[in-house]
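Student: Got a sequence here, can you model it:
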Amino acid sequence: MTVFKKLQEARIKLQNTDLKKSGLNKFAGYKYFELGDFLPTIQNICNEIGLCGHVTFYTDIAILSITDVEDPAQFIEFKCPMSSAALKGCHEVQNLGAVQTYLRRYLWTNAFEIVEHDAIDSARPVEPEAEVITEADIEKAKDTLTEANAKGELKKAFFALGPVLQEKLREFANELKKSA
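Tutor: Down below sits the predicted model:
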């Protein structure tokens with residue numbers, strides 16, 4: 001049996017197990033698979049079928065190699081570019097560990113076709129924050145106009161501000177129409 005046939009058999013066996021998601025994204029409100037949710041099951045299935053997985057990290061890429069233990073010349077590689085992490089309050093080596101853990105999870109998920117929550121497509125839309133004009137903004141605009149007037153460039157300043165003011169007025173008018 002080829003390594004591809006063995007991997008497909010392993011995928012089907014995994015698909016027929018009852019995996020539970022233990023990870024929880026509190027911000028977006030969804031569950032996800034952590035390595036411990038599926039890797040022990042995958043290891044047992046691979047052992048039974050005759051496959052062995054091995055992850056290697058390089059500077060720019062991480063590779064999961066799945067090898068046929070009966071014929072080590074047969075293997076499949078799954079590759080992923082390296083990334084970085086910047087977890088708050090962590091040392092560099094802890095961030096490295098986070099990157100390796102994430103990449104291992106993504107590589108195994110990819111290799112075994114594990115269906116995972118699609119965080120990008122289901123993410124809540126982010127409402128743009130309303131632009132607030134403060135007293136400081138008004139004072140800055142007054143100072144700019146006063147300075148332009150003193151230099152005899154008031155007309156030039158109005159021409160520069162014209163398109164910006166027109167756009168703001170259009171936005172304001174549209175908001176009024178929506179609320180009416």
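Student: which stretches of this structure aren't confidently modelled?
Tutor: 117-134, 137, 145, 148, 153-169, 172-173, 179-180 (pLDDT under 70).
Student: Please repeat the previous calculation with a cut-off of 90.
Tutor: The chain contains residues with pLDDT under 90 at 18-19, 21-34, 82-102, 114-180.
Student: what's around Gln8, how many residues?
Tutor: Gln8: 14 surrounding residues under other CB atoms under 10 Å. In short, each C-beta sits where N, CA and C put it, glycine included.
Student: Apologies, that question was intended for Asn25.
Tutor: 12.
Student: how about the nearest residue to it, chain neighbours excluded?
Tutor: Nearest residue to Asn25, sequence neighbours excluded (CB to CB, 6 or more residues apart in numbering): Tyr32, at 6.4 Å.
Student: Enumerate every residue touching Lys13.
Tutor: 45, 48-49 (CB atoms under 8 Å, 6 or more residues apart in numbering).
Student: Looking at these, which are in helices?
Tutor: 45, 48-49 (DSSP state H).
Student: distance between the ends of stretch 82-101?
Tutor: Chord length of stretch 82-101, first to last residue, is 12 Å (CA to CA, to the nearest Å).
Student: What are the buried residues along it?
Tutor: Buried residues in stretch 82-101, counting neighbours by 16 or more other CB atoms under 10 Å, are found at 98-99.
Student: how's this protein carved up into domains?
Tutor: Annotated domains of the chain cover 3-122, 135-179 [automatic domain parsing].
Student: for those domains, which one ends up most surrounded?
Tutor: Among the domains of the chain, the stretch with the highest mean neighbour count (mean count of other CB atoms under 10 Å) is domain 3-122, at a mean of 14.
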